[in-house]
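Participant: sequence first, predicted coordinates after that:
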Amino acid sequence: MTMLRLQPFPAGLLAAVLLAVPGARAQDKDKDSKPADAAAPAPKEESSVTEHSIKIGGQSIPYKATASTSLLKNEKGEPTALLYSTAYTRTDVKDLSQRPLAFLYNGGPGSASVWVHMGAYGPRRVASVDVGGVIAPPYKILDNGESLLDHADLVFIDPVGTGFSHAAGKAQDKDFWGVDQDMKSLAQFIHIYVSRNNRWNSPKFLIGESYGTFRSAALGNYLQSHEGIYLNGIVLMSSVLNLGTISFNPGEDMTYVFYVPSYAASAWYQKVVKDRPDNLDTFLNEARQFASTEYAAALMKGDRLSVADKAEVAKKLSRFTGLSEEYLIKANLRVNLQQFMKELQRTKGLTTGRFDARYSGPSYNMLGEYAEYDPQDAFTTGAFVAALNSYMRDELKFGQDKTYLPGSDDAGNQWDWKHRGPGENFGFPGSPNVEGDLIQALLANPHLQVEVENGLYDLATPFFATEYTMDHLLLPEKLRSNIHLQYYGAGHMMYVRDEDRVKLKNNVASFIDTASKP
């Protein structure tokens, strides 16, 4: 999926790629016959171009699909990586300068673009894997009537160490695993792409999910300030720009405040709220109000909060979260995400989903404190990965002898989080934060528009934290209207729900059309 793909659980989904190493003795003769300093073969780009057509909204759209690797180089001109992308270009367009161009990716860090590619925006998608959907093979691949191809050309990017992308020359995959390293590699790829395909004057967009939103803020500012590539718009799906807002660290209480409305949405959906109201929106507004006032004030008191006041707050918190007053008091009014996932439906023997709280799965250790896994991740990953691998080989004619990595746990575990954004000149390093990058990108380019897509049942990137972030960019008044928030009745990957995939397509298509106008 995608958050960060912020996974607190072992993914256990990727097989190790083992490289057969011939015995040393069998190589002695070959070694002796070559100069000691013989250079390794230069890495070569690969490409497969296929022709297709699709009907979207009654309109027949011819397009070419280009599955390819692009060679990245360092400042010395030495090869560093082969970056894989899948590009879809409408072929009946005469003036490409009028045709919007979108670059899309997922998050992780360490996730390939398989999720937004095969679930949301690509011309082909996996059949529904929503709650109650198919979770076992064979999986169906369908034409995607909600693809964005009727509004923009699309380039799906797999960062180094994911998909078919890998380091080259003397470089290693881990050299690209970091906020700035990742940002610069994608910036180089985008520069290469727009140059080779004569797209410098096309309206340009970044569409990222989860950590991909964190990447987009930094990448958007870098493209504008270092590459001269100005953007029309950035789409932030399931957004997090300040990782401190979703981190449960000792002595820091704001994250607990940010999660209350998402806990409330989850409890409401799973019908564990007492006197459950009919109107979810009203309930969530009440949760926002409680979290930002009474609850926040109580947490601010810390150990000075009286027993009576704690009991009173626990009673009100129980109404919104569905957790018992006794449990909340034992937790000192502070329930982190993995505890909530385990506790919410404990009496039913179920664990609640993290990426999407509408999903539930059987719990294993009924005495355990923390969730052992994420049901949404577990139930949907197989379908996306199988569909992508089948589609690549059967229809795009690429990768027959290659291994496609949907994600890399190593990348996430070894990620270099150091990043100094604009205006960060004082104090000590804190949680990774790219809010300053987005602010600078907007200041430098007042035409830049930003749309933020929020899933109400997303427990990975809670919508109240996103609202707080967007309200605290402290932009000049004229720029505040450049930020647009949208909401969906699903989770982190809102497009797995059929109704929300349609809604997402319509929202993003309208956003692209509007932001592409001079």
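Facilitator: Nice, I can see it.
Participant: which residue ranges of the chain form strands?
Facilitator: For the chain, the strands defined by DSSP state E occupy 47-56, 59-73, 79-90, 101-105, 124-126, 141-143, 153-158, 166-167, 204-209, 233-237, 350-352, 360-362, 449-455, 483-488.
Participant: distance check, the residue lying closest to Lys342 once chain neighbours are set aside against Tyr263.
Facilitator: Nearest non-adjacent residue to Lys342, counting by C-beta to C-beta, 6 or more residues apart in numbering: Ala371, 4.6 Å away. The C-beta positions use only the backbone N, C-alpha and C, and glycine is treated the same way. As judged by C-beta to C-beta, to the nearest Å, Ala371 and Tyr263 stand 14 Å apart.
Participant: again with Asp416
Facilitator: In terms of C-beta to C-beta, Asp416 sits 32 Å off from Tyr263.
Participant: between those two, which has more neighbouring residues?
Facilitator: Tyr263 (26 against 16; other C-beta atoms under 10 Å).
Participant: what's the neighbour count on the nearest residue to the more buried one once chain neighbours are set aside?
Facilitator: Leaving aside its chain neighbours, Tyr263 sits nearest to Thr321 (4.4 Å; criterion: C-beta to C-beta, 6+ apart). Around Thr321 there are 25 other residues, counting by other C-beta under 10 Å.
Participant: wait, isn't Thr321 in contact with Leu328?
Facilitator: Yes. In this structure Thr321 lies within contact range of Leu328 using C-beta atoms under 8 Å: 7.5 Å.
Participant: any shared contact partners between those two?
Facilitator: Shared contacts of Thr321 and Leu328 (C-beta atoms under 8 Å, 6 or more residues apart in numbering): Val335.
Participant: spit out the contact partners of Asn392.
Facilitator: To be clear, residue 392 is Met; Asn isn't right here. 67, 398-399, 404.
Participant: same thing with His191?
Facilitator: Here His191 is in contact with 227, 229 (C-beta under 8 Å, 6+ apart).
Participant: for the residue nearest to Lys342, grab phi and psi.
Facilitator: phi -60, psi 140 (degrees, to the nearest 10).
Participant: which residues does it contact?
Facilitator: So Ala371 contacts 9, 338, 341-342, 351-352, 354, 363 (C-beta under 8 Å, 6+ apart).
Participant: I'd like to know which of these are buried.
Facilitator: 338, 341-342, 351-352, 354, 363 (16 or more other C-beta atoms under 10 Å).
Participant: closest to Gly119 among those residues?
Facilitator: Within the buried ones among the contacts of Ala371, the smallest distance to Gly119 is 17.1 Å, found for Arg354 (C-beta to C-beta).
Participant: the closest one contacts Met341, doesn't it?
Facilitator: Yes. Contact criterion C-beta under 8 Å: Arg354 and Met341 qualify, at 6.0 Å.
Participant: any idea how far Gln414 is from Ala171?
Facilitator: 15 Å.
Participant: picking up where we left off before, hey, what's in contact with both of Arg354 and Met341?
Facilitator: Contact with both Arg354 and Met341 is made by residues 371, 374, 459, according to C-beta under 8 Å, 6+ apart.
Participant: phi and psi next, for the last one.
Facilitator: For Leu459, the backbone dihedrals (degrees, to the nearest 10) come out as phi -100, psi 0.
Participant: what sits against it?
Facilitator: Counted by C-beta under 8 Å, 6+ apart, Leu459 has contacts 259, 262-263, 266, 337, 340-341, 352-357, 491-492.
Participant: any idea how far Trp417 is from it?
Facilitator: 22 Å.
Participant: cool, the first one as well?
Facilitator: In this structure, Ala371 lies at 24 Å from Trp417, with C-beta to C-beta as the measure.
Participant: can you check Leu448 too?
Facilitator: 25 Å.
Participant: neighbour count: the two, which is higher?
Facilitator: Higher neighbour count among Leu448 and Trp417: Leu448, with 21 against 13, using other C-beta under 10 Å.
Participant: Leu443: neighbour count?
Facilitator: 14.
Participant: how about Leu328?
Facilitator: Neighbour count for Leu328, taken as other C-beta under 10 Å: 22.
Participant: how about Pro250?
Facilitator: Pro250: 5 neighbours (other C-beta under 10 Å).
Participant: and what of Ala187?
Facilitator: 18.
Participant: residue contacts, it?
Facilitator: Per C-beta under 8 Å, 6+ apart, neighbours of Ala187: 219, 222-223, 226-227, 229.
Participant: you'd agree Ile192 is up against Ser70?
Facilitator: Yes. Taking contacts as C-beta under 8 Å, Ile192 lies within contact range of Ser70: 5.4 Å.
Participant: between these two, which one's more packed in?
Facilitator: Ser70 (19 against 16).
Participant: in stretch 349-367, which residues are buried?
Facilitator: Buried residues in stretch 349-367 (16+ other C-beta under 10 Å): 350-361, 363.
Participant: out of those, which comes closest to Gly108?
Facilitator: Phe355 (12.9 Å).
Participant: mind checking how far the closest one is from Ser210?
Facilitator: 9 Å.
Participant: for Ser292, which non-adjacent residue is spatially closest?
Facilitator: Counting by C-beta to C-beta, 6+ apart, the residue nearest Ser292 is Val257, at 6.6 Å.
Participant: meant to ask about Ala444, not that
Facilitator: Closest to Ala444 by C-beta to C-beta, 6+ apart is Gln224, at 5.7 Å.
Participant: now Pro446
Facilitator: Leu479 (6.3 Å).
Participant: for Ser363, same thing?
Facilitator: Ser363 sits nearest to Thr351 (C-beta to C-beta, 6+ apart), 4.7 Å away.
Participant: rewinding a little: can you lay out the buried residues of stretch 349-367 as JSON lines showing pLDDT and distance to Met183?
Facilitator: Formatted as JSON lines, these follow (pLDDT from 0 to 100; distance: C-beta to C-beta, whole Å):
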{"residue": "Leu350", "pLDDT": "98", "distance to Met183": "39"}
{"residue": "Thr351", "pLDDT": "98", "distance to Met183": "35"}
{"residue": "Thr352", "pLDDT": "98", "distance to Met183": "34"}
{"residue": "Gly353", "pLDDT": "98", "distance to Met183": "30"}
{"residue": "Arg354", "pLDDT": "98", "distance to Met183": "26"}
{"residue": "Phe355", "pLDDT": "98", "distance to Met183": "24"}
{"residue": "Asp356", "pLDDT": "98", "distance to Met183": "28"}
{"residue": "Ala357", "pLDDT": "98", "distance to Met183": "31"}
{"residue": "Arg358", "pLDDT": "98", "distance to Met183": "33"}
{"residue": "Tyr359", "pLDDT": "97", "distance to Met183": "32"}
{"residue": "Ser360", "pLDDT": "97", "distance to Met183": "37"}
{"residue": "Gly361", "pLDDT": "96", "distance to Met183": "35"}
{"residue": "Ser363", "pLDDT": "97", "distance to Met183": "39"}
